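Chemist: Fold the stuff below for me.
(chains A and B)
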Protein chains: 2
Amino acid sequence: MNAEDPAIAAHVAELCQRARPAARQLARLPAEARAAALRAAADALAQRADSIRAANQRDVARAREEGLSAALIDRLRLDGDRLDGVIRDLRAVAELPDPVGAVLERRTIAQGMLAEKVAVPIGVVAVIYESRPNVTVDAAALCVRSGNACILRGGKEAGESNRALAEAFRAGLAAAGAPADAVQLVGIQDRALVPRLLARDDAIDLVIPRGGEQLIKSVVACSRVPVIKHDKGVCNLYVHASADLEMALRIAINAKCQRPAVCNAIENLLVDAALADAFLPRLATAMRERGVELRACPRALPLLPGAVPASEEDWATEYLALILAVKVVDGLDDAIAFIARYGSQHSDAIVAADEAAAARFLAEVDSACVYHNASTRFTDGGQFGFGAEVGISTNRIHARGPMGLRELTTYKWVVRGQGNVR
Amino acid sequence: MNAEDPAIAAHVAELCQRARPAARQLARLPAEARAAALRAAADALAQRADSIRAANQRDVARAREEGLSAALIDRLRLDGDRLDGVIRDLRAVAELPDPVGAVLERRTIAQGMLAEKVAVPIGVVAVIYESRPNVTVDAAALCVRSGNACILRGGKEAGESNRALAEAFRAGLAAAGAPADAVQLVGIQDRALVPRLLARDDAIDLVIPRGGEQLIKSVVACSRVPVIKHDKGVCNLYVHASADLEMALRIAINAKCQRPAVCNAIENLLVDAALADAFLPRLATAMRERGVELRACPRALPLLPGAVPASEEDWATEYLALILAVKVVDGLDDAIAFIARYGSQHSDAIVAADEAAAARFLAEVDSACVYHNASTRFTDGGQFGFGAEVGISTNRIHARGPMGLRELTTYKWVVRGQGNVR
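Modeler: Next comes the predicted model:
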């Protein structure tokens, strides 16, 4: 950590001091008041749309001057109907069922007392993210809806956009009588700030890093606050000897090509040796038509015109691009062992008519989501019917896979007695 | 962290390398095989009882030579019927219902596909603990029963006892055809080892520190692995104006005196001003009879013969001893604010006949366990009917309060389609 900067220390102290009372106030509001606060925030964003777009244009102009890539600049933009989309999504979160107060379990404990396990907000959630300014609104909406105060630390490039969005959001909360400090944006862009903030496990209950591998590694390395990672997806599709080839091809195309830049797209395709001759040439044709580069193991290579040899490194790489690594395997055990070794326990699928083989795959592949005869692209809060998602957790504890409002809650035990003592 | 010690680096590498395959093998065993493995471990412990007791006597003798306190030496001892108790508890864990494979939720997701949320083991769990050697067997039993491999790091004082216990346990696992490496004991006692081990978030999925505040702080500070803390309990009992005084007195005595050295005993008693005159002198008598020292706020002091003034520090102190801090409060809001400020969100109770007041207390006090008309001493896996417990989690995410077998599992989503693509 850098030398102590008093401005950073003071800013972290203030963020932390304001967050807890706001979280407590928010948690005590009735569900309907939290929903109304989000509607008011959406109104405020709509009212200030012109100044938000102007702030965003300044970010985009500066990004151009600084020579950022076209892809990065595109992610930054809130022009056209993008801001309307952000506001629409915010209104949708306001209408989702409230996760707080749900009785998750009832059990009779010692001396016949009733204990209820009740969903409660986590408390104060920090979200650390990169360039896309819509995350500011998404994260704030999901946190507030689930009764949590949030401290948001967005990317430097989107600084003016994030400030304009957060201020509008806070104004909306205040107008609805909810605590504005339930949404706080980190106001100092300095690398030394995040480690200081994440040392405050007394004030922050959870940190969610969303972004590239480097961001997530640095958060995990410095945080005393519990982390729920949204890390990379090295997803695999396994075509079993019993697979329907049409189905396997359709799923492979969807899982690789529909949106290659996302974490639930596949990076590796495994095919049983028995099917290689019949399947791989067709795969090659379909993938060539879609501009996909194939990297192949020695056994697959002769069956895939145009493919290049895969290196050891390829099997563990998240391409986020139209590249697919292909390997011939000797049956189910081989496929399961490959996925255990190279996959990232995100989403993996088997195509098989053989139910026993599918059952073993589903049981033994230890990933957040495992699929039989379906594309890995379904690993998504929207597809799972969560209404909205914080992202896809690659943690093993608390939340795994798509993370919605419910996963932003914890629980407490409420026990009612009649003077009971041990 | 100290300079690199090649022996430590090699030991950490070996522990991590052996744990994952053992975890995978364990997770694939049928529930009955894991139960049988625990029974075999219990048999092995019984067969080797003499050599385990001899190892323990060497630890105790060395502790005496080094001048450890009587309390510490007592915690170390496995003589008399203590080892039998450890083995009996191990056999009980073998008979608990299996937490793995339970379908926690079924939901229909996109395109009408069925998604099942299935409980699975967490994977590799590290447990870092202090002097009591029975934790070696308890932690190993709970981890293995829930399909997790464990890496155990016990206290230096119990080194020989822990080694003898772990070796017997491993021999039992092997005899039953289960992987011995599902239970590994850290073999090098060096402060530099734990930070190295807990840097391995690629190999270890969860760390559970059990012990004093310093141990827990140091684990949180260095760990990249997710931590579930078992931290201190500053528990509060609030006697509302509507309380039955007999009941309040009975609960206060139980919560303070039945076992003062545990985390679910109370440290603070709050009483409404309206009841202070009637209640506090009776409390003073009852507590004096039981040897409890009272520390009081200025308003309570004159009503508590023999009490001394409480300092600001007292309200936030976990005494773990026959000391009780007493404060007069002005109603429910005052009590809730006090608990929010000084409590540790472990276990808090209200005694009240007024149901509305109790409902507000239960809703607004944000602790792992909240009680109405019952003692905080019920915060315990046994009392909750969990059969056995890892401890009492003071984390807010994943597991809160008593942590049993189920809390040693995570989940995965199993999705079955018919060729579905997005």
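Chemist: Can you confirm whether stretch A:215-228 lies near chain B?
Modeler: Yes - applying C-beta under 8 Å from any C-beta of the partner chain, one finds stretch A:215-228 touching chain B at A:Val220, A:Ala221, A:Arg224, A:Pro226, A:Val227, A:Ile228. All C-beta atoms are positioned from the backbone trio N, CA, C, and that covers glycine.
Chemist: Name only those of these that count as buried.
Modeler: A:Val220, A:Arg224, A:Pro226, A:Val227, A:Ile228 (16 or more other C-beta atoms under 10 Å in any protein chain shown).
Chemist: ok, which pair from those is furthest apart?
Modeler: Across these, the longest distance by C-beta to C-beta is 14.6 Å; it joins A:Arg224 and A:Ile228.
Chemist: Please name the nearest non-neighbouring residue to A:Leu332.
Modeler: Leaving aside its sequence neighbours, A:Leu332 sits nearest to A:Ala357 (C-beta to C-beta, 6 or more residues apart in numbering or on different chains; 5.4 Å).
Chemist: what's near enough to touch that neighbour?
Modeler: Residues near A:Ala357 by C-beta atoms under 8 Å, 6 or more residues apart in numbering or on different chains: A:His240, A:Ser242, A:Leu332, A:Ile350.
Chemist: Which of these ranks first by neighbour count?
Modeler: Of all the contacts of A:Ala357, the highest neighbour tally under other C-beta atoms under 10 Å in any protein chain shown goes to A:Ile350, namely 31 neighbours.
Chemist: and that one, that one's in a helix?
Modeler: No - using DSSP: H, G, I helix; E, B strand; the rest coil, the assignment for A:Ile350 is strand, not a helix.
Chemist: From B:Ala36, how far out is the residue lying closest to it once chain neighbours are set aside?
Modeler: Among residues not flanking A:Ile350 along the chain, A:Phe361 sits closest, at 4.2 Å (C-beta to C-beta, 6+ apart). Taking C-beta to C-beta, to the nearest Å as the measure, A:Phe361 falls 26 Å from B:Ala36.
Chemist: Which one of these two is surrounded by more residues?
Modeler: Higher neighbour count among A:Phe361 and B:Ala36: A:Phe361, with 23 against 18, using other C-beta under 10 Å.
Chemist: Could you report the pLDDT at the more buried one?
Modeler: pLDDT for A:Phe361: 98.
Chemist: going on from the helix or strand where A:Lys327 lies, what's the next piece of helix or strand?
Modeler: Assigned by DSSP states H and E, A:Lys327 belongs to strand A:323-329. Next helix or strand after strand A:323-329 toward the C-terminus (DSSP H and E): helix A:332-342.
Chemist: same question for that next one, mean pLDDT?
Modeler: Mean predicted confidence for helix A:332-342 is 97.
Chemist: Within range of chain B, give me the residues from the stretch 101-250 of chain A.
Modeler: A:107-110, A:113, A:115, A:120, A:122-123, A:201, A:205-206, A:220-221, A:224, A:226-228, A:244, A:247, A:250.
Chemist: one step back: for the contacts of A:Ala357, which one is nearest chain B?
Modeler: Of all the contacts of A:Ala357, the one sitting nearest chain B is A:Ile350; the distance, using C-beta to the nearest C-beta, is 10.5 Å.
Chemist: and the longest strand that chain A contains, what other elements does it pack with?
Modeler: Ranked by residue count and defined by DSSP state E, the top strand of chain A is strand A:409-420. Contact here means 3 or more C-beta pairs under 8 Å, 6 or more residues apart in numbering or on different chains; DSSP states H and E; on that basis strand A:409-420 packs against strand A:114-121, helix B:245-257, strand B:369-374, strand B:401-403.
Chemist: Deepest-packed of these, please.
Modeler: Mean neighbour count (mean count of other C-beta atoms under 10 Å in any protein chain shown) peaks for strand B:369-374 among those, with a mean of 26.
Chemist: tell me what the next helix or strand after that one is packed against?
Modeler: Next in sequence after strand B:369-374, counting helices and strands by DSSP H and E, comes strand B:391-393. Counting contacts by 3+ C-beta pairs under 8 Å, 6+ apart, strand B:391-393 is packed against strand B:401-403.
Chemist: And the contacts of the strand it packs on?
Modeler: By C-beta under 8 Å, 6+ apart, strand B:401-403 touches A:412-413, B:228, B:230, B:347, B:368-369, B:379-381, B:383-384, B:386, B:389-393.
Chemist: If we use 6 Å, what do you get?
Modeler: Strand B:401-403 has contacts (C-beta atoms under 6 Å, 6 or more residues apart in numbering or on different chains) with A:Trp413, B:Ala368, B:Cys369, B:Gly381, B:Phe384, B:Phe386, B:Glu389, B:Val390, B:Gly391, B:Ile392, B:Ser393.
Chemist: so which of these is the most crowded?
Modeler: Highest neighbour count within those: B:Cys369, with 28 neighbours (other C-beta under 10 Å).
Chemist: need the contact list for that one.
Modeler: B:Cys369 neighbours (C-beta under 6 Å, 6+ apart): A:Trp413, B:Ser347, B:Thr379, B:Gly401.
Chemist: And the second one, how close does it get to chain A?
Modeler: B:Ser347 is 9 Å from chain A, where distance means C-beta to the nearest C-beta, to the nearest Å.
Chemist: Quick check, that residue in contact with B:Asn264.
Modeler: Yes - between B:Ser347 and B:Asn264 there is a contact at 5.1 Å, judged by C-beta atoms under 6 Å.
Chemist: and for these two, which residues touch both?
Modeler: B:Thr376, B:Thr379.
Chemist: where does chain A dip in pLDDT?
Modeler: Scanning chain A for pLDDT under 70 picks out A:1-3.
Chemist: Quick check: buried residues in the host helix or strand of A:Arg75?
Modeler: Assessed by DSSP H and E, A:Arg75 sits inside helix A:70-76. Buried residues in helix A:70-76, counted by 16+ other C-beta under 10 Å: A:Ile73, A:Arg75, A:Leu76.
Chemist: Beyond it, next helix or strand please.
Modeler: Next element after helix A:70-76 (DSSP H and E): helix A:82-94.
Chemist: so after that next one, what's the next helix or strand?
Modeler: strand A:103-108.
Chemist: partners of that following strand, with directions?
Modeler: Strand A:103-108 pairs in its sheet with strand A:114-121 (antiparallel), by DSSP bridges.
Chemist: Please name the residues that touch the closest residue to chain B within the stretch 201-350 of chain A.
Modeler: Here the residue of the stretch 201-350 of chain A nearest chain B is A:Asn254; by C-beta to the nearest C-beta that distance is 3.6 Å. Residues near A:Asn254 by C-beta under 6 Å, 6+ apart: A:Ser375, B:Val421.
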